[in-house]
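*Asks:* Predicted model and sequence follow; I will ask about them next.
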Amino acid sequence: QVQLVESGGGSVQAGGSLRLSCVNSGRADEDYAMAWFRQAPGKEREFVAAITWTGKTTEYEESVKGRFSLSRDNAKNTVFLQMNGLKPEDTAVYYCAAKSGYYGPDEVDYPYWGQGTQVTVSS
């Protein structure tokens, strides 16, 4: 079974940076696309970024383009979300998700989820 564990969240001031990590500590015998979603208080969970198994293709939500960068190290079963130029509106719980096959922006397509990590950006 796939088991995703996120880390790297925290509190920063606006303009700061954080690097989130997501490790698959369970089953890793399939080619999993990985994605990050986030949920702010009182809002629905939304897509942030996704990456293919090979790492050659990524997709980003419009508001994070140019600020966030997603990468992966398959030898370590880990994906990284580098977040620069953080804004207060980036405050949310960030979730890592995995699915076999190609990625997509719809959370219903992802059967595997981490527990989430809190990111708080103060102005």
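*Replies:* Arrived safely. Treat the numbers as computed from the prediction; the structure is a model and nothing was measured. Numbers count the residues shown, from 1 in each chain.
*Asks:* I figured Y32 hits V2, correct?
*Replies:* Yes. Between Y32 and V2 there is a contact under CB atoms under 8 Å: 7.1 Å. Heads up, the C-betas are built off the backbone N, CA and C, glycines and all.
*Asks:* what's the overlap in contacts for these two?
*Replies:* Residues touching both Y32 and V2 comprise N24, A98, Y112, with contact defined as CB atoms under 8 Å, 6 or more residues apart in numbering.
*Asks:* and which of these is nearest to A14?
*Replies:* Using CB to CB, A98 is the member of the shared contacts of Y32 and V2 that sits closest to A14, with 30.6 Å.
*Asks:* check contacts around the closest one.
*Replies:* So A98 contacts V2, L4, N24, Y32, A33, M34, A35, Y110, P111, Y112 (CB under 8 Å, 6+ apart).
*Asks:* sorry, back to before: from the shared contacts of Y32 and V2, which ones fall inside strands?
*Replies:* When those are checked against strands (DSSP state E), the matches are N24, A98, Y112.
*Asks:* In CSV: these, plus pLDDT and distance to N74.
*Replies:* As requested, those are exported to CSV (pLDDT from 0 to 100; distance: CB to CB, whole Å):
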residue, pLDDT, distance to N74
N24, 91, 10
A98, 95, 12
Y112, 95, 16
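*Asks:* what would the residues you listed look like in a markdown table with distance to D106?
*Replies:* Listed next are the ones in strands among the shared contacts of Y32 and V2 as a markdown table, based on distance: CB to CB, whole Å:
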| residue | distance to D106 |
| --- | --- |
| N24 | 20 |
| A98 | 14 |
| Y112 | 14 |
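*Asks:* Please point out which parts of the helix or strand harbouring S71 sit buried.
*Replies:* Counting by DSSP states H and E, the element that carries S71 is strand 68-73. Buried residues in strand 68-73, defined by neighbour count with 16 or more other CB atoms under 10 Å: F68, S69, L70, R72.
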